[in-house]
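Q: Following is a predicted model, sequence given first.
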Amino acid sequence: MTATETTPSAPAAARTPLMTLAGVSQVFDTKAGPIRAVDHANLSINPGEVLCLVGESGSGKTTAARMAAGLAKPSGGQVAFAGTDIWSMNRRDFSTFRRSVQYVHQDPYASLNPTRTIQQTLTAPLLKHGVVKGARAAAERAAELLTKVDLTPPENYLPKYPHQLSGGQRQRVAVARALTLDPKIIIADESTSMLDVSIRISVLAMLGRLRDELGVGFLFITHDLAIAKYFGWNGKTAVMYLGRIVEFGPTPDIINAPTHPYTRALIDAIPEPDPDLTKTKGTGSLRSLEIPSLAHLPPGCTFHPRCPLFEGGLCDLTVPELVEIRPGQSAACHVVARDGAEPVRPDEPAR
Ligand SMILES: Nc1ncnc2c1ncn2[C@@H]1O[C@H](COP(=O)(O)OP(=O)(O)OP(=O)(O)O)[C@@H](O)[C@H]1O
């Protein structure tokens with residue numbers, strides 16, 4: 001949703017998004033020259049809401065997520081938490097923000113300290129931030145958190161080191177650690193992509209249960225629209241391409257009735273025989289499979305060299321803005337903005 005979108009009947013407090021990224025950009029200096037990994041992204045997350053950020057590798061998802069988590073300062077634009085620019089916060093408020101927004105990395109092995117037991121990993125933040133008092137209470141809370149992420153009985157896991165656990169168990173520990181400080185938003189960055197399919201599904205199911213039980217907001221980063229469908233069905237999805245958000249809307253609309261040709265191509269590319277996903281197939285093939293380099297972006301719409309809807313003199317001249325195509329659903333495409341999206345077929349309810 002955009003920063004301005006509200007629910008008419010929502011109480012006033014619920015109308016202020018918990019987190020807002022307003023016109024946020026990130027430029028990196030590389031050997032090939034400056035690259036704009038994220039370009040003027042607008043996103044927001046309301047309390048308890050799921051926002052999925054979907055795109056191919058290199059589209060800027062992690063860079064956007066790191067800015068949302070306060071792990072990287074944007075080159076431009078503003079990241080606000082509860083209405084305040086996080087980079088103008090004093091130390092105390094910034095620390096509160098960092099506690100409230102927890103990042104779960106895609107590779108928990110890299111983010112868990114190999115020299116700490118699971119008990120130490122979980123009790124350290126509890127004690128450091130005074131969530132509980134004393135080692136005994138911290139150990140009890142650590143056991144509760146392990147139970148929350150289905151690592152039971154917790155006594156089996158508390159004395160272990162990360163290398164003694166499987167990938168799925170480590171991912172659960174990373175989620176338990178994210179929960180130690182009672183966050184308002186969890187940023188889950190491809191947090192299941194390194195796991196085998198069956199383990200991936202069980203970790204996703206556990207995250208889904210936490211989403212429902214704890215009312216915590218999620219920024220869920222994935223390259224896989226099928227995962228966004230599974231996890232973010234009741235939320236919103238933003239599709240990124242080469243640093244820009246090209247389509248945004250309620251997840252069911254993005255899945256059932258995508259409007260941007262890139263989103264349609266992503267759905268076409270899903271190999272799984274998912275009937276909901278495959279029924280939007282046949283929307284035209286890409287003109288090129290090559291993804292341009294961020295260091296040498298094509299002029300105009302950066303998707304134009306690949307786009308089946310390409311029109312010379314239009315798409316290669318100006319960058320399209322994200323505009324509303326259907327209520328609540330917006331896309332950055334000159335042709336779709338001018339001609340409208342293909343009508344939703346009767347068997348494809350928009351929601
Ligand atoms: N610190 C950095 N310095 C230079 N370039 C960077 C840096 N971090 C990211 N990039 C580049 O920015 C672009 C976007 O990267 P990012 O990791 O945000 O994409 P992503 O969509 O999360 O990809 P993936 O799914 O592979 O993680 C890539 O071209 C990447 O090489």
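A: It's in.
Q: pLDDT score for residue 150?
A: At residue 150, the model reports a pLDDT of 93.
Q: and what of residue 294?
A: 92.
Q: Might you report the residue contacts of the nearest residue to it once chain neighbours are set aside?
A: Distances taken as CB to CB, 6 or more residues apart in numbering place residue 35 nearest to residue 294, at 4.0 Å, with adjacent residues excluded. Every C-beta, even on glycine, is put in place using the N, C-alpha and C of the backbone. Taking CB atoms under 8 Å, 6 or more residues apart in numbering as the criterion, residue 35 is in contact with 27, 28, 294, 295.
Q: Where does the stretch 251-351 of the chain get nearest to the ligand, residue-wise?
A: Of all residues in the stretch 251-351 of the chain, residue 294 sits closest to the ligand, at 4.9 Å by CB to the nearest ligand atom.
Q: Please tell me how far that residue sits from residue 39.
A: 9 Å (CB to CB, to the nearest Å).
Q: hey, what's in contact with both of these two?
A: If you check residue 294 and residue 39 against CB under 8 Å, 6+ apart, the residues they both contact are 242, 243.
Q: For the residue nearest to residue 241 when sequence neighbours are not counted, give its distance to residue 298.
A: Computed as CB to CB, 6+ apart, the closest residue to residue 241 that is not its neighbour in sequence is residue 262, at 5.1 Å. Computed as CB to CB, the residue 262 to residue 298 distance reads 13 Å.
Q: So between those two, which is more surrounded?
A: The neighbour comparison of residue 262 against residue 298 (other CB atoms under 10 Å) goes to residue 262, with 27 against 15.
Q: check whether the host helix or strand of that one contacts the ligand.
A: Under the criterion of DSSP states H and E, residue 262 resides in helix 261-268. No: for helix 261-268, no contact with the ligand is found by CB under 6 Å from any ligand atom; the gap never falls below 12.8 Å.
Q: Check which helices and strands that helix sits against.
A: helix 225-232, strand 236-241, strand 244-250 (3 or more CB pairs under 8 Å, 6 or more residues apart in numbering; DSSP states H and E).
Q: Which of those sits closest to the ligand?
A: strand 236-241 (6.7 Å).
Q: Measure how far the closest one is from the centre of its chain, please.
A: With CA atoms, centre = their mean, to the nearest Å as the basis, strand 236-241 stands 8 Å off its chain's centre.
Q: Could I get the buried residue list for it?
A: Neighbour-count burial for strand 236-241 flags 236, 237, 238, 239, 240, 241 (criterion: 16 or more other CB atoms under 10 Å).
Q: same thing with stretch 104-123?
A: 104-108, 111-112, 117-119, 121-123.
Q: mind listing what the closest residue to residue 62 other than its chain neighbours touches?
A: Distances taken as CB to CB, 6+ apart put residue 189 closest to residue 62, at 5.8 Å, once the chain neighbours are dropped. Residue 189 sits next to 61, 62, 65, 103, 104, 105, 106, 221 when contact means CB under 8 Å, 6+ apart.
Q: repeat for residue 115
A: So residue 115 contacts residue 161 (CB under 8 Å, 6+ apart).
Q: that older thread, I'd like to know which of the buried residues of strand 236-241 is nearest to residue 204.
A: residue 237 (15.5 Å; CB to CB).
Q: picking up where we left off before, just the pLDDT for the residue nearest to residue 294.
A: Checking the pLDDT column for residue 35, the value is 94.
Q: For it, name its beta-bridge partners.
A: Beta-bridge pairing for residue 35 (DSSP bridges): residue 28.
Q: For residue 332, see how far away it is.
A: 19 Å.
Q: next one: residue 188
A: Residue 188 is 25 Å from residue 332, by CB to CB.
Q: Same check on residue 120?
A: For residue 120, the distance to residue 332 - CB to CB - is 47 Å.
Q: Residue 262 too?
A: Look at residue 262 and residue 332: by CB to CB, they are 9 Å apart.
Q: repeat for residue 123
A: The value you get for residue 123 to residue 332, if CB to CB is used, is 46 Å.
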